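Engineer: Sequence first, predicted model second:
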Amino acid sequence: MASSKGGHTTAHINTLHHRLYHALNLGFRVCDEKEKKWKCTDIEIQRHVVKSISAFLDCFSRATANNRLIKDSISDIAGALVFILGCKNRAVVGLAANVVIRLIRIVPPSILQSYSLDLVESLASLLCCQQFDVSLPCAVALNAILVNVRETKEKEVWKIFEDEKTVVSVVSNLQDFSEGSMSVEWFQEMALLLSTIMLKWPQSRYSVWNNPALMGVLESVSQKPDMGLRVATLKLYSSLALCGHGASELLDNGKPMLDMMISCMEESSSQNARIEGLKLAQRLATGNRECLKMINMCSESLVKATVRTMGKWFLSSGKLELDQMSLLVEACKLALITRWEGQHHIYFWKYRISEALLSLVVENFHSQSLDGYVSLEEEILVAEKVLNANFLPSLRSYVWDIIGFLAAHCEEEFDSILRGDELCLNFLVTCACLTFSRSVQKGYQICQNDIISASHSESASRAVLMMIYSPSKYISSRARVTLSFILEEGGEQNLNSLVNFLSYIPSSGGYILPNILQTTVSLVGLACYSSIPQYASFILRKQGLEILLSFCSWYQRNWENIGASSFAPSPQSITEKRICCWVCTEDWDNKDAFLLYALLALAELVNHSFSGQNHAEELSMKSGNLKDRLCTTLKEIRDGTYGSGPRWYAAHILSYFGYYGFQHKLGKRLMGAYEDEECSDMRLLFASGNSASVNKVIIAVRCPMLLPPKEGAHSSSTISAEKSRRTVQEIRMSANVDILALVKLLEFAYSGYVEVESTTLKKLKPLAKHCKAKVLLQMLCRRRPKWGSSIPEIDIPLAITPKLIHFSDVILVPKETNVAGFNCRMCSLTSPHAHSHRVILSSGCEYLRALFRSGMQESHLDRLNVPVSWLGLTKLVSWFYSDELPNPPSGCKWNNMDTEAKLDELQAYVEIYSLSEWWIMEELQNDCAHVILSCLESARELSIKTIELAASFSMWKLVEAAANHAAPIYHQLRDSGELDELDDELVNLIRTAAVQFSQQGG
Ligand SMILES: [Zn+2]
Ligand SMILES: [Zn+2]
C-alpha cells in the first residue's frame, strides 16, 4: 500500500481529504454558472476550514507534493485561505498565515505561482497588524512567496505594495522594535522581508535609507550582542547598499556599522554571520570612492579579517565543507578591493596575503616547506607538480587577480615591508609565470570552451603582466627572471608564433577578434617579453613595432564591434543586475584592455629603441614614416574616448617624441587667457629684458612656486574692493632661469600639455622639479604611468576654495536675493553671491571678455549681476571652472523629488540656456538642452511646465524640443485639462508635434 510521509497511508490521506472538502463545502458560493468561490464570513467555519487544511497538508512533504489530491485541491485551498486572510478576523488570520507558510514549504513554487498575487495582497494588508502572532507569520509567508515570484509579475506585486503601503508598514514595524517586549525572531523576519523587497524592487530603497529614524534604530540594534539581530541588520544594510546613494549614506558616519560588520566576519562568529559580513563589505566596495571611504575608516581590521578567512581553514575529512567553500569564495571576492589604490594594500602584506593565497593553491600548505628549495629550477619543478594537482580550481582565478592587483599597486621600495614573506611571494610568482607560459605554449590549442582553464590562463596572464610592470623592483625583477628562465628553450619560437598571430588579425580583414583568449595571451605575452631586453630586440627584428601599430589602428577602426573587451573582474556587485544609483567609473583596464596591452608592449619596444645601445634601431624608427604613423595613432588614442589606461600609455609613449601631457578643452581655453596679455596681472621679467605675462590665480593653482612668497598665504580678510582696477605686479626672475624652459613650464601649467624639443628638455626638467610640477616631471623623465592613475585634470576649481579666494576680483550675484541657509565662507555678505575671477570668466565667454575690457561702467564694478537663480549660478560657476555642467540629482534621488523640486532644477538649466544665448556660449547651451531633455525623458509630466518656462524666456528652439517630448502623451494632457492653462499658440505647437508623432507611427 502506498505510503507517504510519516506512514500516512493512502486511506488516511483520503479521509483527511474527505474531511477537508466537508469543511470547504460549508463556504462555497456559486458566483456565476461555472465558477464556485469560497466565501464565508463565519469565524467558526473559517477556523474549521483552516484546521482541516492544516491536517490535510500534514500528510505531505515537498517530496510527495505531486500527489494528485494536492494538485486537484490546491486552487480551493488557496482560494479559501486568501478569502479568510482578507476578512482579517483576528482570531483566525494568524492561524491561516501559518498554514500558508506550510503550504509554501510543501507545494513547489511553480504550482503556487498563479495564486501568488492574491496571497501577496492579503498577506501584505495584514503586516500593519499590531498582534505579533498575526504580523509575524504574515511576514514569513510573504517573504517566502516574494523570493520565488516570477520576474514577469514583479510590476504587479509592486503595485500591490504601493496600494497596501507595505514598505511603510514594515519600516514602521522595525522602527517600533524594542528588545525585551518583542522577540528577536520578529525583528529578524521583518528585516528579512524588507531586505528581500529592497533586493527585488530598487524603488523601495530610497524610503529606507532616507529614513533617519529607522537608520538610528538599525544602528542601535546592530550594536546589541545578539547575533541574530546583527545578521538581520547586516542583511538589511546589504540590500540598501545595492543603491549607490544608499551606500554613500551608510558610510557617512558608518564607523559603528563597519565595526559591527568586521566583528561578524571574525572566526568566532557563525558561518552565516561571516558570509553576510563579507557580502556587505563587497557591496559597499562597488565603487572606488565608496570603497576608499570604507577603507579610510577600517582598513586594517577589514583586511585582517579578510586575509584570516582566506588563510585559516581546515580540511576535515580531506574535503572542503560546502559552506566553508562559500566562505572562501566571499573572502576572495572581497579581497578584490586590491584593484584600487589605497592604504589597505600595506595591510594585505602585513597579514601575509601570499601565505594565505598559497594555502588556496597548494594542498596542505605549510610555509616552512618552502625553505628547502635552493634553485629556481627546483622551485619550478615543485610548482609544476602543484599546478598539475589542480587544488581548488574554482578559486584559482581569484588568487591570480588578487596577487596581480597587489603587485600593480606596490610601492617602489616594497621589499622592506615584505618581512620574511618573500618565499611565499616568490613561489606565487613562479606558479603564475608557469601558468602563463603554459598558455603561451598552447598557442592555437587554447580552448575557450573550457571555461575554468580559460579563466585561469586569462587571469594568470594578467597577473604576470602586473608583476612585470609592478613599481616594486623586487617583484618586477623576480617575475622577469622567472619568466625568462621558463621561456629559455623554446623562447624565440614561442615569440614568433605570438607575433605571427597578432600580425594575422589586422591583415585578415576581419572586424572581430578571432579568439579573445588567444588575443589576450598573445598581447600580454608580447607586453611581458618586450620588457626583457634580449626578447625586445628579437621582437623588433620581427617587425613587432609595425605589427603592434597595425593592431592598434585595426582596434580603433573596429572599436564598436569589439566592445567591452575584457573579462577583468569587475566588483562582484556590479554584476548584480539590480543595483541602482552607482556611478562606477571604468576601471583602468576594464575598458579597452586589448589596446592597453598592445600599448604596454609598444612602450617597451620604443623604450628599447631609444635606450643607449640601440642607436641603429632608433635610426630606423626615425627614418620613413613609421614615426609619423606611430605618433598620429597615439595622439588619436590619447585624445579619444578610450579607457584611462590606454590613454595614459599613449601619452607615455608620446613623451619619447617630445609631446607631454593631455589636451583638454579647459586647457585650450586657459591657453587663450595666457596668450592674451591684456588680462594678465603679473609680469615675469627676465635678465635679458624679455618678459612673460601671467595670471596670479592660475599660477597659484598650477605652479605656486612661481608666486612671490607673500602672495600664497593671504587671509580672506584682505579681499578688497579695488580689485577692479587692474594693476600688474612685476617680478624679476633670477638670471639662472632659462626663458624658453620657463615658457614651456607656463604653457604646461595653463593647458596641461606642451611640446618640447630635446634641447630644452634638459633645462626644463630641473625647473619642473623645483616647481613641483609632478605630472610634467613624470612625463619628462618618461616614468611609466602608475596602474590605475586617472587622467590628470586642470584643477582650477581650487581657485574658488577659501585658501585661494583672495585672488578673486569679481562677485557674481544671482537674481534671487534670499536663499535659505546661504552663508559665504569667504566674506560677511549675507545676500547670495559667488566669488569669481575675471580671467576664468573671460576665458570661457567672449561676451564677458569684451565687457570687462570695454571701459563701460559695468566693466569696473566688482559685482556682476547674472540673471539666474542661485541654483543656476552654482551650476554656471562650476561649468566655468571645470568645463563641465553638473548634472541634476540622479537615480533614486531624482525619482523621489517632488514635482516642484524637479522644476526648480529644470528652471536652473532653462535660465542658463537662455543666458548662454545672450552671452553667446553655444556649447554650454547645447549641454543645457541635453540635460533638460534627458530630465523630461525620465519625467514627462514636467513637459508642460518646461514649455511654459522656455516660452517665458522666448527660447523657441527649446519649446519645440520639449513639445516633441510631450507629443506621445498629448491625449492624456488634453483630457486631464493640463493644456487649458497654456497659450493657444503653445497648445498648437504640442498638437502639431503629436500629429507628427502619430504619423511617424508612434
Ligand atoms: Zn538608488
Ligand atoms: Zn562672499
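Structural biologist: Cool, got the structure. Numbers count the residues shown, from 1 in each chain. Ligands and ions are numbered 1, 2, ... in the order given.
Engineer: Where does pLDDT dip in the stretch 801-950 of the chain?
Structural biologist: Along the stretch 801-950 of the chain, segments meeting pLDDT under 70 span 858-859.
Engineer: what's the pLDDT at the residue of the stretch 151-300 of the chain with the smallest separation from ligand 2?
Structural biologist: For the stretch 151-300 of the chain, the residue closest to ligand 2 is residue 252, as judged by CB to the ion, at 27.1 Å. To be clear about C-beta, it is placed using only N, CA and C from the backbone, and glycine gets the same treatment. Listed pLDDT for residue 252 reads 95.
Engineer: Ok, residue 217 next?
Structural biologist: 94.
Engineer: and it, how many neighbours does it have?
Structural biologist: Neighbours of residue 217 under the rule other CB atoms under 10 Å: 19.
Engineer: Test my guess that it contacts residue 179.
Structural biologist: No: the criterion here is CB atoms under 8 Å, and residue 217 misses it with residue 179 at 10.9 Å.
Engineer: Report the separation between the two terminal residues of stretch 857-868.
Structural biologist: In stretch 857-868, first residue to last residue: 22 Å (CA to CA, to the nearest Å).
Engineer: roughly how far out does the helix or strand encompassing residue 910 sit from the chain middle?
Structural biologist: According to DSSP states H and E, residue 910 maps onto helix 899-918. Distance of helix 899-918 from its chain centroid, counting by CA atoms, centre = their mean, to the nearest Å, is 29 Å.
Engineer: could I get it in CSV with only the CA atoms?
Structural biologist: Extracted as CSV, the C-alpha positions of helix 899-918 are listed here (Å, rounded to 0.1, in the frame of the first residue of the first chain):
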residue,chain,number,x,y,z
THR,A,899,7.5,68.0,-8.9
GLU,A,900,8.3,71.4,-7.5
ALA,A,901,11.9,70.5,-6.7
LYS,A,902,12.3,68.9,-10.1
LEU,A,903,11.0,72.1,-11.7
ASP,A,904,13.5,74.1,-9.7
GLU,A,905,16.3,72.0,-11.1
LEU,A,906,14.9,72.3,-14.6
GLN,A,907,14.4,76.0,-14.2
ALA,A,908,18.1,76.5,-13.4
TYR,A,909,19.1,74.8,-16.7
VAL,A,910,16.5,76.8,-18.7
GLU,A,911,17.9,80.0,-17.2
ILE,A,912,21.4,79.1,-18.1
TYR,A,913,20.2,78.1,-21.6
SER,A,914,18.7,81.5,-22.0
LEU,A,915,21.7,83.3,-20.5
SER,A,916,24.0,81.4,-22.9
GLU,A,917,22.1,82.7,-25.8
TRP,A,918,22.8,86.2,-24.6
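Engineer: List the first helix or strand encountered after that helix toward the C-terminus.
Structural biologist: Immediately after helix 899-918, counting by DSSP H and E, sits helix 922-938.
Engineer: what's that following helix in contact with?
Structural biologist: Here helix 922-938 makes contact (CB atoms under 8 Å, 6 or more residues apart in numbering) with 879, 885, 887-888, 894-895, 902, 905-906, 909-910, 912-913, 916-917, 942-943, 946, 957-958, 961-962, 965.
Engineer: Now the stretch 101-250 of the chain against ligand 1: closest residue?
Structural biologist: For the stretch 101-250 of the chain, CB to the ion, closest residue to ligand 1: residue 243, 3.2 Å.
Engineer: Might one say that residue 197 is in contact with residue 149?
Structural biologist: No: using CB under 8 Å, residue 197 makes no contact with residue 149, being 10.8 Å away.
Engineer: Tell me which of these two has more neighbours.
Structural biologist: residue 197 (23 against 19).
Engineer: Quick check: the gap between the residue lying closest to the more buried one once chain neighbours are set aside and residue 846.
Structural biologist: The spatial neighbour of residue 197 that comes closest, neighbours along the chain excluded (CB to CB, 6 or more residues apart in numbering), is residue 204 at 5.2 Å. According to CB to CB, to the nearest Å, residue 204 and residue 846 sit 49 Å apart.
Engineer: In three-state terms, label the residue lying closest to residue 807 once chain neighbours are set aside for me.
Structural biologist: Sequence neighbours aside, residue 697 is the residue nearest to residue 807 in space, at 3.9 Å (criterion: CB to CB, 6+ apart). Under DSSP: H, G, I helix; E, B strand; the rest coil, the three-state class of residue 697 is helix.
Engineer: Am I right that residue 697 is in contact with residue 840?
Structural biologist: Yes: between residue 697 and residue 840 there is a contact under CB under 8 Å: 7.4 Å.
Engineer: quick one: which helix or strand includes residue 822?
Structural biologist: Here residue 822 is assigned to no helix or strand, by DSSP H and E.
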